[in-house]
Structure formats: structure tokens, C-alpha cells
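**Q** Please work out how this folds:
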Amino acid sequence: MMDPLTRDDIHAAFTPKQRRHVTPPDLGGRDWPTLDYLGWAHVSGHMAYVVYAREGETRGLVLRRTKLTGQMKPKMCSWCLTVHQGSNVNLFTAQVGDNRDKLYGDYMCNDLKCSAYVRGTAKLEACQMRETISLDMKIVRLRANVERFYRAIYGQDVFPGPT
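**A** Numbers count the residues shown, from 1 in each chain. Below you'll find the predicted structure:
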């Protein structure tokens with residue numbers, strides 16, 4: 001689903017202000033056709049990055065990962081709807097536009113590997129809901145959830161063209 005990206009492509013996907021925080025991951029060995037977005041965590045663990053492409057437009061997000069507190073009950077990712085045990089789903093937030101005081105967040109897979117969970121290529125440790133929709137429809141749903149998040153951050157015109 002995703003065309004291969006270079007380090008330059010990744011840097012260009014972020015705003016100039018965000019670029020100083022972005023350290024692209026090792027891109028070797030990526031199975032690009034099975035990725036709906038490129039996501040990775042900063043080595044510190046408190047930040048993460050997502051690069052998403054649609055209609056030839058590539059945009060990046062800098063995410064902040066919240067600290068987990070309380071019980072480690074199973075949680076569901078808002079993007080791929082995969083259920084994980086406690087610490088494997090975190091609340092990730094991003095700054096909305098240029099407003100430093102306004103954040104938007106979703107609960108997401110801690111490893112940002114929603115594409116692999118949707119396709120059944122990543123190991124799951126928790127029982128999952130039984131779904132009757134096709135793999136293609138699960139991928140459409142994942143991409144719609146990613147786009148919803150992007151629109152909340154960047155506005156409705158983040159990806160011009162048909163949805």
C-alpha cells in the first residue's frame with residue numbers, strides 16, 4: 001500500500017519546526033507493500049513518529065507517548081481495533097496546528113505496527129474480537145482511522161482530493 005520512502009522523503013513529510021525532532025528509522029528490510037503508514041518510536045521512548053501518504057501527498061506527525069499508570073487491563077487500539085494486554089496500547093497525542101495548548105490523542109498500538117496486526121502477521125497476546133469483515137475492509141478501516149487522526153491535527157484539507 002505504501003511506496004518506499006527515503007530519509008529525505010521522511011524529513012520532507014514533517015513541518016520545518018518538527019524536522020529538528022525527527023530521527024528517521026532504519027529503512028532496510030521494510031515490507032513497504034504491507035504498510036499503511038510508517039510508524040516508529042524515538043529511542044527515548046516518550047516520542048513517536050508516523051508518516052502517512054495519500055494521493056501523492058505525504059505528511060508526518062510527531063507524537064508524544066503518555067506514561068502508563070494504574071492497572072494493566074487489556075486495551076484496544078483506536079486505529080486497528082486490536083486488543084493488547086495493558087502496556088501494549090498507549091495514549092499518543094499530537095499538537096493541533098500551531099496551538100501548543102491544544103492536543104488531540106488516540107489510544108494506539110505501542111509499537112505502531114497496526115498494519116501487521118490487521119494483516120495477521122504480528123503475534124497477538126490477547127484474545128481478539130471475532131470479525132466477519134474482509135481483510136480489504138479492515139485495511140480500509142485502518143486507513144480511515146489514520147486519516148481521521150490526521151484531519152484532527154492538520155484540518156480537513158490535509159489530503160486534498162476524494163476520500
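**Q** pretty sure Pro33 contacts Asp3?
**A** No: under the criterion of C-beta atoms under 8 Å, Pro33 is not in contact with Asp3, lying 9.1 Å apart. Placement of C-beta: from N, CA and C, glycine included.
**Q** and the helix or strand where Arg148 lies, what does it pack onto?
**A** Using DSSP states H and E, Arg148 maps to helix 135-154. Packing partners of helix 135-154 (3 or more C-beta pairs under 8 Å, 6 or more residues apart in numbering; DSSP states H and E): strand 47-54, strand 57-65, strand 89-96, strand 99-109, helix 114-119.
**Q** Can I get those in CSV including distance to Ile153 and mean neighbour count?
**A** Below are these laid out as CSV (distance: least, C-beta to C-beta, whole Å; neighbours: other C-beta atoms under 10 Å):
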stretch, distance to Ile153, mean neighbour count
strand 47-54, 10, 21
strand 57-65, 6, 19
strand 89-96, 5, 20
strand 99-109, 6, 15
helix 114-119, 17, 22
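**Q** between the ones you listed, which gets nearest to Pro74?
**A** Closest approach to Pro74 among the helices and strands packed on helix 135-154 (C-beta to C-beta): strand 89-96, 8.3 Å.
**Q** Check the offset of that closest one from the chain's centre.
**A** Averaging C-alpha positions (C-alpha atoms, centre = their mean, to the nearest Å) puts strand 89-96 10 Å from its chain's average.
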